[in-house]
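K.L.:
Okay, structure incoming, though there's no sequence with it:
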């Protein structure tokens, strides 16, 4: 009797809900048929499938252009809604974050020189140029906040070098072949001279100028002239240091940084933020030791940069 009752109830349910059951069966078979289709389309490149290469592409473009990798990812996420991006598309995104400008100046011999300078744009400028809606701006603001809270960007350890550039350029009003390397510090505490080393107590020649004004840790250091990074690493004397190779046989040296924002082999424009002031290596307190090398010989840097002192 119980079995008969169950059969009757089952038949009754089928009669009552047969349309819903039929729709569910059709949907299941449809999904099963769709899976191999998606796989085949992906194999033949008809639909984009994310791969491990995407992150490598973003890093490659960031290293080549100096645009912060996180900015490229955030822009594509907001504007293209997480669609997988090709290398050429990421390169196109990077071009929204900078422009090239021609700048003319007189060199040490009085000759007129023209340089192509890369000027980087802030995220706010890019969003304005690209006509971001308020919804897109809100999304970007959320991503930037997540990055500042630990999702990316500059490391929080003050003595750990970083490979991520800030993408920022700070230039003085006056054009010059070399510019003052600390736009937030306009004071020097030691110059190019013979002196007693405060660390060793020995008499030696101080091959640069020390820039400091008090409470300077973390303040920005910029490239005094456009060039190529040939050293960005730590050593016991210079601490976290950078050497940039420039044209006409010049090099500039930056020592004791708390953070490095560039890496060896990177090309940087004049005014590019390359590091943060610190007290690493042979140092008695936060400052920038800045030196200029002309054809292999250290020279007094102050005459080269004094006209652009902030």
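P.N.:
Okay, I see it. Since the model is a prediction, treat every value here as computed from it, not as a measurement.
K.L.:
For the stretch 201-310 of the chain, give me the ranges with low pLDDT.
P.N.:
201 (pLDDT under 70).
K.L.:
where do the helices sit along it?
P.N.:
With helices called from DSSP state H, counting those that start in this stretch, the stretch 201-310 of the chain shows them at 302-305.
K.L.:
Can you list the residue ranges for strands in it?
P.N.:
Residue ranges of the strands in the stretch 201-310 of the chain, as given by DSSP state E, counting those that start in this stretch, are 203-206, 209-211, 220-222, 227-235, 239-245, 250-257, 259-260, 267-268, 273-276, 288-294, 297-299.
K.L.:
Among the ones you listed, which comes closest to residue 73?
P.N.:
Closest approach to residue 73 among the strands of the stretch 201-310 of the chain (C-beta to C-beta): strand 273-276, 20.2 Å. Bear in mind the C-beta positions are built from the backbone N, C-alpha and C, glycine included.
K.L.:
What is the closest one packed up against?
P.N.:
The contact analysis (3 or more C-beta pairs under 8 Å, 6 or more residues apart in numbering; DSSP states H and E) places strand 273-276 against strand 220-222, strand 239-245, strand 250-257, strand 259-260.
K.L.:
which other residues reach the second one?
P.N.:
Spelled out, it's strand 239-245. Around strand 239-245, the neighbours that count as contacts under C-beta atoms under 8 Å, 6 or more residues apart in numbering are 159, 161, 223-225, 227-235, 251-260, 262, 268, 274-275, 278-283.
K.L.:
Just the buried ones among the residues you listed, please.
P.N.:
161, 223-225, 227, 229, 232, 251-260, 262, 268, 274-275, 278-283 (16 or more other C-beta atoms under 10 Å).
K.L.:
How much space separates residue 300 from residue 65?
P.N.:
Relative to residue 65, residue 300 is positioned 35 Å away (C-beta to C-beta, to the nearest Å).
K.L.:
Between those two, tell me which one has more neighbours.
P.N.:
Neighbour tally, residue 300 and residue 65, criterion other C-beta atoms under 10 Å: the higher count belongs to residue 65, 21 against 14.
K.L.:
which residues does the more buried one contact?
P.N.:
94, 97, 98.
K.L.:
Phi, psi for the last one please.
P.N.:
What it means is residue 98. phi -160, psi 160 (degrees, to the nearest 10).
K.L.:
can you offset everything so residue one is 707?
P.N.:
Sounds good: first residue 707 from here, last item residue 804.
K.L.:
Quick check, residue 942 in contact with residue 962.
P.N.:
No - with contact defined as C-beta atoms under 8 Å, residue 942 does not count as touching residue 962 (11.6 Å).
K.L.:
so what's in contact with the two at the same time?
P.N.:
residue 987.
K.L.:
about what we covered before: with distance to residue 850 as added columns, please give the helices and strands packed on strand 979-982 in JSON lines.
P.N.:
Shown next, in JSON lines, are the helices and strands packed on strand 979-982 (distance: least, C-beta to C-beta, whole Å):
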{"stretch": "strand 926-928", "distance to residue 850": "19"}
{"stretch": "strand 945-951", "distance to residue 850": "26"}
{"stretch": "strand 956-963", "distance to residue 850": "25"}
{"stretch": "strand 965-966", "distance to residue 850": "19"}
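K.L.:
Of all these, which one is nearest residue 993?
P.N.:
The closest of these to residue 993 is strand 956-963. By C-beta to C-beta, the value is 6.4 Å.
K.L.:
Mind giving me the packing neighbours of that closest one?
P.N.:
The contact analysis (3+ C-beta pairs under 8 Å, 6+ apart) places strand 956-963 against strand 933-941, strand 945-951, strand 979-982, strand 994-1000.
K.L.:
what does the third one contact?
P.N.:
To tie it back to what came earlier, the one meant is strand 979-982. Outside strand 979-982, the residues within contact range by C-beta under 8 Å, 6+ apart are 871-872, 874-876, 923-929, 935, 946, 948, 950, 960, 963-968, 974.
K.L.:
Surely residue 799 and residue 779 touch.
P.N.:
No - using C-beta under 8 Å, residue 799 is not in contact with residue 779; the gap is 9.2 Å.
K.L.:
overlap in contacts of the two?
P.N.:
The contact sets of residue 799 and residue 779 do not overlap (C-beta under 8 Å, 6+ apart).
K.L.:
Okay, and residue 794 sits in which element?
P.N.:
Element membership for residue 794 (DSSP states H and E) is helix 793-800.
K.L.:
average pLDDT for that helix?
P.N.:
Averaging pLDDT along helix 793-800 gives 88.
K.L.:
Check the gap between the residue nearest to residue 971 when sequence neighbours are not counted and residue 878 for me.
P.N.:
In space, not counting the residues next to it along the chain, residue 971 is nearest to residue 935; the distance is 6.4 Å by C-beta to C-beta, 6 or more residues apart in numbering. The span separating residue 935 from residue 878 equals 22 Å under the rule C-beta to C-beta.
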